[in-house]
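Participant: Just the structure for this:
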Amino acid sequence: MKKTNVSRGFRVPGFTTAGISCGIKADKQKDLALIFSEGPAIAAGVFTTNKVVSPTVTWCRNKLKSSKTFRAIVVNSGNANACTGPRGMEDCKSVAARLSQELEITPKEILIASTGIIGVPLPSGKIVKAIPTLSKELSATGWTHSAEAIMTTDLVAKSKSLSYKMGKHKITLGGISKGSGMIHPNMATMLAFIATDAAIDTKTLHRALKEANEKTFNRITVDGDSSTNDMALIFASGKAGNKTIPAGSPAYRTFVGKLTDLCLDLAHKIVLDGEGATKFVTIRVQGAKLKTHAHRIAQSVATSSLVKTALFGQDPNWGRIIAAVGYAGVPVNPDKVEILLNGSLLFKNGVPASGASQPALRKKMKSKNIVIAIELNSGRYSDKVYTCDLSYDYVRINAEYTT
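Facilitator: You can find the predicted model right below:
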């Protein structure tokens with residue numbers, strides 16, 4: 001049975017949500033979600049860098065450029081609507097047209113997302129037929145249902161909400177995400193949908209989402225694969241009644257900090273739910289000459305299949321870690337590098353650390369939370385990447401994905 005890892009019963013003023021089954025998935029599993037803004041809202045988004053994209057990505061990119069306000073996001077799971085030719089965009093149009101009639105809004109106010117198997121035509125007729133039921137299910141506390149409806153290989157539904165005070169006004173942010181496999185920057189096989197009642201302009205909202213994304217969704221990797229449908233979207237309704245948040249102001253920095261906290265929670269839940277994952281792993285690189293150097297090394301270690309399988313096997317194989325540091329493509333002096341695993345020194349001065357007993361290290365590696373700290377001793381910059389181990393189940397899940 002699939003589990004739920006959500007902030008139960010939360011509300012974001014000005015928004016209602018729903019999640020139902022429309023028949024794309026078998027066994028009446030939820031596969032259609034809707035997030036609806038009760039009034040005009042502004043929106044921003046970040047998308048996959050893959051050159052092969054679903055028409056849903058193209059649809060959202062175009063609408064975010066041409067429309068000033070938005071009212072709805074509709075999402076289906078079980079079918080990616082990708083690599084389906086001209087029909088893919090026609091299916092987007094038919095879904096938007098029917099939803100606009102039902103909600104009494106215009107198609108240009110609707111954003112669309114899909115996730116699932118690629119190369120199979122979207123059964124848009126099932127979605128269109130289910131739209132009246134979907135609309136009737138809209139609820140201020142429907143986030144749990146919408147989080148469940150966007151899942152694919154996810155074992156856990158993911159959501160998060162938080163609130164904070166801005167002067168006399170209470171600002172609320174809430175969101176849902178999905179992702180388990182094909183997780184790798186830039187973006188991944190992940191979807192994230194966030195709503196806030198903050199008053200903020202479109203340009204500033206996009207800047208805030210981009211900043212938060214760089215520190216969260218673009219810092220996670222499960223298997224090094226990026227997908228065709230990835231996106232993170234945010235709606236802002238202005239219902240909180242605060243003064244419009246200006247870019248670069250203290251109010252903006254606070255808002256970005258809170259948005260980053262929310263996105264980081266959702267990003268961590270994606271890694272924790274990695275296909276077949278048994279461990280949550282933080283790769284922390286310190287003492288780099290440049291920020292980009294720290295990131296590239298952290299990414300290199302996080303995406304190493306040999307490192308990830310060693311983590312699964314509870315094998316403190318520092319050789320695989322230092323090798324991944326060395327081929328990251330940045331200047332490194334191995335004689336200065338120190339590697340620690342959950343606080344235990346593995347490597348220093350170009351050789352394995354003395355006194356690091358295998359039994360003690362293996363005991364530490366039984367932990368579900370692993371921190372690999374890499375000190376370069378060459379500068380003042382640092383970065384983090386979040387990943388998981390690579391298990392037998394990852395191979396099984398992906399070997400059987402379409403069958």
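Participant: care to break the chain down by domain?
Facilitator: 3-272, 280-399 (automatic domain parsing).
Participant: For stretch 375-388, give the mean pLDDT please.
Facilitator: Stretch 375-388 shows a mean pLDDT of 95.
Participant: in that stretch, what's buried?
Facilitator: 375-376, 378, 381-388 (16 or more other C-beta atoms under 10 Å). All C-beta spots, glycine's among them, are computed from the backbone N, C-alpha and C.
Participant: Can you tell me which of those is nearest residue 153?
Facilitator: Checking the buried residues of stretch 375-388 against residue 153 with C-beta to C-beta, the nearest one is residue 388 at 13.6 Å.
Participant: Look up the residues forming beta bridges with that closest one.
Facilitator: residue 280 (DSSP bridges).
Participant: Wait, it touches residue 282, no?
Facilitator: No - counting by C-beta atoms under 8 Å, residue 388 does not reach residue 282; the two are 10.5 Å apart.
Participant: what stretches of this protein score poorly on pLDDT?
Facilitator: Along the chain, segments meeting pLDDT under 70 span 1-9, 180-189, 222-227, 274-276, 355-357, 394, 397-403.
Participant: What are the boundaries of the helices in it?
Facilitator: 55-66, 86-103, 124-136, 143-149, 202-215, 250-272, 291-302, 305-312, 318-326, 358-364, 392-399 (DSSP state H).
Participant: for the spatially closest residue to residue 322 that is not a sequence neighbour, what are its contacts?
Facilitator: Among residues not flanking residue 322 along the chain, residue 347 sits closest, at 5.8 Å (C-beta to C-beta, 6 or more residues apart in numbering). Counting by C-beta atoms under 8 Å, 6 or more residues apart in numbering, residue 347 makes contact with 318, 321-322, 337-339, 353.
Participant: ditto for residue 260
Facilitator: 211-212, 215-216.
Participant: Narrow these to those that are buried.
Facilitator: 211-212, 215-216.
Participant: closest to residue 26 among those residues?
Facilitator: residue 216 (32.7 Å).
Participant: The closest one contacts residue 269, correct?
Facilitator: No - the criterion here is C-beta under 8 Å, and residue 216 misses it with residue 269 at 11.1 Å.
Participant: what's the neighbour count on residue 304?
Facilitator: 23 (other C-beta atoms under 10 Å).
Participant: Let me see the contact set for the closest residue to it other than its chain neighbours.
Facilitator: Counting by C-beta to C-beta, 6+ apart, the nearest residue to residue 304 once its immediate chain neighbours are dropped is residue 324, at 4.3 Å. Contact partners of residue 324, counting by C-beta under 8 Å, 6+ apart, are 297, 300-301, 304, 306-307.
Participant: swap the cut-off to 7 Å and go again
Facilitator: For residue 324, the contact set (C-beta atoms under 7 Å, 6 or more residues apart in numbering) comprises 300-301, 304, 307.
Participant: cool, and residue 286?
Facilitator: Taking C-beta under 7 Å, 6+ apart as the test, what residue 286 contacts is 373, 375-376, 382.
Participant: One more: residue 200?
Facilitator: Contacts of residue 200 (C-beta under 7 Å, 6+ apart): 236, 244-245.
Participant: Buried members of the contacts of residue 347 into ChimeraX, please.
Facilitator: Restricted to buried positions by 16+ other C-beta under 10 Å, the ChimeraX selection for these reads:
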select :318,321,322,337,338,339
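Participant: How many neighbouring residues does residue 140 have?
Facilitator: 15.
Participant: err, residue 251, not the other one
Facilitator: The burial count for residue 251: 19, using other C-beta under 10 Å.
Participant: Can you get me a residue count around the closest residue to it other than its chain neighbours?
Facilitator: Excluding the flanking residues, the one nearest residue 251 by C-beta to C-beta, 6+ apart is residue 245, at 4.9 Å. Using other C-beta under 10 Å, residue 245 has 23 neighbouring residues.
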